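Asker: This is a predicted model, with the sequence first.
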Amino acid sequence: MTSSSDTAGHTTRAHSFNSAAAQYAANRPSYPTALLDTIEELAGRPLAGARVADVGAGTGIATALLHARGADVIAVEPGDGMAAQFRHALPDVPIVRGDGNHLPLATASLDFLTYAQSWHWTDPAHSVPEVLRVLRPGGALALWWNTGALDVPWLAEAAQRIDRYFGESIPANTKNVNAHVVDPTGRLGLTRREVRWSRRVPVDTHLANIGSHSLFLVHGEEASTGFLTEEREHLMRAFPDGLVEEVYDVVLLLATRA
């Protein structure tokens, strides 16, 4: 059972991004083309021309990819700050206020329902029935997360430093993602895939990326700045040219509505 303090903490984290929306938009990684290819393969249909809702759309990182793929996409986002960044980045894509527990969408209206880095902010007791309500027969739910590839030594060492400093690590919400955690009832029948990719970025971009995670935002500026200052020294010793290669395993869970 979730206590009221756990719920309050979860809510605080979920809303923490609104104060750092510009930082999030500028520094968070996107997703590889291979992810969209895998979604289409598992769903058995293309995204082009499909009616798609991207839930917890944030600043529009995933929505932009779906739109570029040719999807007829609408975004759903609860946060003021994130929605403002979204409208700036994607002025021609519609966005409505809401979340996965209460989707402001018509019944049986969607070919795809997507959650990029956002399903873990929902309550499956509410979000699973909402999925089954809004998807058309044959429609697909796609959930995915960029997770750090911890078999890469420097990323594993960095994660250990975060864990020692804060008592938990950034991938705490996603490192154990599986079908049972996502859907305890088993009603969705999820299939799991992983897609590895990487991006090469300046150290400061990497630090701004990790600093935009809720773990840092809820601990406050002083604690975060202290860690990031020390981390920059570690990284500059490891990468004297000032560039790091962030390596990700995108965890994808997909289900098709019968």
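Answerer: Sure, I can see it.
Asker: which stretches of the stretch 101-250 of the chain form helices?
Answerer: Applying DSSP state H, counting those that start in this stretch to the stretch 101-250 of the chain gives helices spanning 124-134, 153-166, 179-182, 203-211, 214-219, 221-238.
Asker: Can you flag the weakest of the ones you listed by average pLDDT?
Answerer: Ranked on mean pLDDT, the bottom entry among the helices of the stretch 101-250 of the chain is helix 214-219, at a mean of 76.
Asker: That one - contacts with which helices or strands?
Answerer: Applying 3 or more Cβ pairs under 8 Å, 6 or more residues apart in numbering; DSSP states H and E, one finds that helix 214-219 makes contact with helix 4-16, helix 153-166, helix 221-238. For glycine as for every other residue, the C-beta is placed from the backbone atoms N, C-alpha and C.
Asker: Tell me what angle the helix or strand hosting Val251 forms with helix 203-211.
Answerer: Taking DSSP states H and E as the criterion, Val251 maps to strand 243-256. Relative orientation of strand 243-256 versus helix 203-211 (axes from the mean of the first three to the mean of the last three Cα atoms, to 10 degrees): 40 degrees.
Asker: can you state the direction angle for strand 243-256 and helix 124-134?
Answerer: Angle of strand 243-256 versus helix 124-134, following the same axes, to 10 degrees, is 70 degrees.
Asker: Can you pull the poorly scored residue ranges out of the protein?
Answerer: Along the chain, the model assigns pLDDT under 70 to residues 1-22, 24-25, 169-176.
Asker: any idea which residue sits dead centre in it?
Answerer: In the chain, the C-alpha nearest the mean C-alpha coordinate belongs to Gln117, at 1.4 Å (Cα atoms, centre = their mean).
Asker: Against Pro240, how distant is that residue?
Answerer: 31 Å (Cβ to Cβ, to the nearest Å).
Asker: what ranges do the strands span in the stretch 1-150 of the chain?
Answerer: Secondary structure of the stretch 1-150 of the chain by DSSP state E, counting those that start in this stretch: the strands cover 51-55, 72-76, 95-96, 110-116, 135-148.
Asker: closest one to Ala83 among those strands?
Answerer: With Cβ to Cβ as the criterion, Ala83 lies closest to strand 95-96 of those, at 6.0 Å.
Asker: Neighbouring strands of that closest one in the sheet, and parallel or not?
Answerer: Strand pairing for strand 95-96, determined by DSSP bridges: strand 72-76 (parallel).
Asker: picking up where we left off before, give the contact list for the residue nearest to the centre of the chain.
Answerer: Residues in contact with Gln117, defined by Cβ atoms under 8 Å, 6 or more residues apart in numbering, are 56, 58, 62, 144-146.
Asker: and if you look at Ser224?
Answerer: Contacts for Ser224 (Cβ under 8 Å, 6+ apart) come out as 211, 216-217.
Asker: got it, and Ile210?
Answerer: 162, 170, 216, 228, 231.
Asker: I'd guessed the first one sits against His213; true?
Answerer: No. Counting by Cβ atoms under 8 Å, Ile162 does not reach His213; the two are 9.3 Å apart.
Asker: Any idea how many residues pack against His234?
Answerer: 14 (other Cβ atoms under 10 Å).
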